[in-house]
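>>> Show me how the following folds:
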Amino acid sequence: MSVELPLADEITAVFARANRLLLTEETVSHALRLITEAATAAVPGAIGAGVSLINGSGLRQTTAASDAVVAAADALQYELGEGPCISAWASGETVRVENLASDRRWSRWAPAAAALGISSAVSCPLLSGDLALGAVKVYSDGGQPFRDGTVRLAELFAAQATLFVIHSHAREAAGTLSDRLQESLAQRDTISMAKGVLMARNGTGDEQALRELMMLSRQAGKPLARVAAELLAAAGPLEN
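Okay, here's the model as predicted:
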C-alpha cells in the first residue's frame, strides 16, 4: 500500500543532505539530528522526535533529539526501564501509543510523560537483520492520532537512520583495521632494520639475525618489535 507523504520533496532533500553530511563528519549525530527534525515536520501532530542508541559504556542514550521534551521523555524511559522506545527496541517491532492516558503498558513512565505534555507516541526499531540497533521515536501532544500512514512514515525515517548507523559502524571498523595494519607494517619495518644491524655487526645471514633478535626478546621479556626498536636506537642513525 502506497503512503502519501505530505512533505515528500522536503523529506527527499533532507535525506540527500544527511547522506552528504555523513561522508564528511566524524560521527552520524548531525545526520540523525536532520532525521529527527524532518520527522517532526513531516509527521502530523508531532511535537518532537529522537533517536536512541547504545553509547560506549553499553547504556541507552538519546543520540539525537529535536527538542528538550524528547530528551526528557527518553531520559525517563532509561531511568524507569520502561516505555514505548524500550519496548520497540527489545521486541524489534513498531510500538504505537494511541492515548497515553488510557494505555496500561507502562504504569510509571506514562504519567511522567503525560506531565511533559505527551499524549501519544510511535517508536520504531532500527533493524539490521534480526538485530535492533536502537529506535526512532516520535511524540505527539494529541492534536492528531498516529494513523497507519504516519506510522509508516516514522518507519521510513527509522530505516534511513539505520543506514546511517550501519555506515558509521562500518567506517569505524575500517578505521580500526587501517590503524592496526599501519602499526603492523611499521613493526615489520623496524624488525627488518634491526636484523640488518645485526647482520652487519656479526656478519651473519637474515635467518641467523632473526633468531638472535628473538633470543634477545625472550631474554628481555619484551615484544620483538620493542627490542628491535631499542636496538636501532642504540645503534644510532643508519648510514646510507
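>>> now the helices for this structure?
Assigned by DSSP state H, the helices in the chain fall at 8-22, 29-42, 68-80, 84-91, 109-114, 148-202, 206-220, 224-235.
>>> List just the one of those that sits closest to G142.
helix 109-114 (10.0 Å; Cβ to Cβ). Where you see a C-beta, it was placed from the backbone N, CA and C, and this is true even at glycine.
>>> Output the closest one as PDB, restricted to C-alpha atoms.
Output in PDB follows, covering the C-alpha atoms of helix 109-114 (Å, rounded to 0.1, in the frame of the first residue of the first chain):
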ATOM      1  CA  TRP A 109       6.500   6.100  32.500                       C
ATOM      2  CA  ALA A 110       3.100   7.000  31.100                       C
ATOM      3  CA  PRO A 111       2.000   9.500  33.900                       C
ATOM      4  CA  ALA A 112       5.500  11.100  33.900                       C
ATOM      5  CA  ALA A 113       5.400  11.500  30.100                       C
ATOM      6  CA  ALA A 114       1.900  12.900  30.300                       C
END
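>>> So which bits of that helix are buried?
For helix 109-114, a neighbour-count test (16 or more other Cβ atoms under 10 Å) marks W109, A110, A112, A113 as buried.
>>> Please apply the same query to stretch 140-153.
With burial defined by 16+ other Cβ under 10 Å, the residues of stretch 140-153 counted as buried are S140, G142, F146, T150, V151, R152, L153.
>>> wait, the fifth one sits on T94?
Going back to what we said before, that points to V151. Yes: contact criterion Cβ atoms under 8 Å: V151 and T94 qualify, at 6.3 Å.
>>> Check the burial of L224 by counting its neighbours.
17 (other Cβ atoms under 10 Å).
>>> Going forward, the N-terminal residue is numbered 17.
Okay, residue one is now 17; in that scheme the one you just asked about reads as L240.
>>> For it, list the residues it contacts.
The contact partners of L240, taken as Cβ atoms under 8 Å, 6 or more residues apart in numbering, are I207, L229, M230, S233.
>>> Just give me the neighbour total for the second one.
Using other Cβ under 10 Å, L229 has 18 other residues around it.
>>> Could you check how far it is from Q203?
Computed as Cβ to Cβ, to the nearest Å, the L229 to Q203 distance reads 12 Å.
>>> how close does the closest residue in space to F173 that isn't next to it in sequence get to G108?
Distances taken as Cβ to Cβ, 6 or more residues apart in numbering place A55 nearest to F173, at 4.6 Å, with adjacent residues excluded. Taking Cβ to Cβ as the measure, A55 falls 20 Å from G108.
>>> repeat for P127
Applying Cβ to Cβ to P127 and G108 gives a distance of 27 Å.
>>> tell me, what residue is most central in this structure?
V181 (5.0 Å; Cα atoms, centre = their mean).
>>> Could you count how many residues lie near the spatially closest residue to it that is not a sequence neighbour?
The shortest distance from V181 to any non-neighbouring residue, by Cβ to Cβ, 6+ apart, is to L149 (5.4 Å). Counted with other Cβ under 10 Å, residues neighbouring L149 total 18.
>>> Going through the contacts of L240, which ones are buried?
Among the contacts of L240, those buried by neighbour count (16+ other Cβ under 10 Å) are I207, L229, S233.
>>> Might one say that the last one is in contact with L247?
Which is S233. No: assessed by Cβ under 8 Å, S233 is found out of contact with L247, at 10.1 Å.
>>> Tell me the spacing between A170 and D205.
Distance from A170 to D205, by Cβ to Cβ: 53 Å.
>>> now swap in G145 and tell me
Taking Cβ to Cβ as the measure, G145 falls 40 Å from D205.
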